[in-house]
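**Q** Kindly generate the corresponding structure for this input.
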Amino acid sequence: MRATAILAALAMLTSLFLTWFTPGTPGLSFAPRELISAVQPDLTGVTNFISQSPPEVTLFLASFVLATLFLVLMLFDLPSRLLALAAGGLGLGLMLWSGFRIWRGGLKNPLPPELGLNDGGEIVKFAADVMGYGAWAWSLGALLLFIAGLTGFARR
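**A** Presented below is the predicted three-dimensional model:
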């Protein structure tokens with residue numbers, strides 16, 4: 001599980017540089033590094049960004065920080081189940097929260113009008129067509145990191 005946790009954290013960090021939507025998606029080209037590069041590197045720029053952005057964006061970026069911290073501690077042979085749970089749980093929680101808000105009508109439904117929220121197979125097919133490598137890497141990395149935090153790490 002140790003190697004899986006390291007690969008999951010690396011997948012989350014790699015997703016910073018990958019596009020999150022397929023190139024054929026009209027009007028969407030997003031990589032989290034673009035969001036991070038927009039922030040001024042000084043303390044006032046970071047505090048202004050955090051205070052002006054929605055909590056979901058701040059938590060999204062915090063998942064990368066927690067995954068990085070987890071990876072650094074793992075490389076120094078100091079595994080932390082709490083950090084794995086926090087980084088992976090934050091990613092899973094954000095995905096579930098977004099899905100819940102879409103389902104309740106709090107967010108704009110990204111699905112085409114001909115798809116309903118009750119057609120699971122078509123939703124998965126649509127997600128596979130739209131989601132880029134970055135979104136898959138981040139979401140699967142968060143899931144694996146959360147599972148690794150739940151099960152723990154064997155001592156060498």
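**Q** distance between the ends of stretch 72-86?
**A** The separation between the terminal residues of stretch 72-86, taken as CA to CA, to the nearest Å, is 15 Å.
**Q** what comes up buried for the longest helix along the chain?
**A** If each helix of the chain is counted by residues according to DSSP state H, the longest one is helix 81-104. By neighbour count, and taking 16 or more other CB atoms under 10 Å as the criterion, the buried residues in helix 81-104 are 83, 84, 85, 86, 87, 88, 89, 90, 91, 92, 94. Quick note: C-beta positions are derived from backbone N, CA and C, even for glycine.
**Q** Can you give me the distance of the first one to residue 95?
**A** According to CB to CB, to the nearest Å, residue 83 stands 19 Å off from residue 95.
**Q** lowest-pLDDT helix or strand in the protein?
**A** Ranked by mean pLDDT, DSSP states H and E, the weakest helix or strand in the chain is helix 120-130, scoring a mean of 70.
**Q** just to revisit the earlier point, for my notes, please list the buried residues of helix 81-104 in CSV and give distance to residue 153 for each entry.
**A** As requested, the buried residues of helix 81-104 are arranged in CSV below (distance: CB to CB, whole Å):
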residue, distance to residue 153
83, 11
84, 8
85, 12
86, 15
87, 14
88, 13
89, 16
90, 19
91, 19
92, 19
94, 24
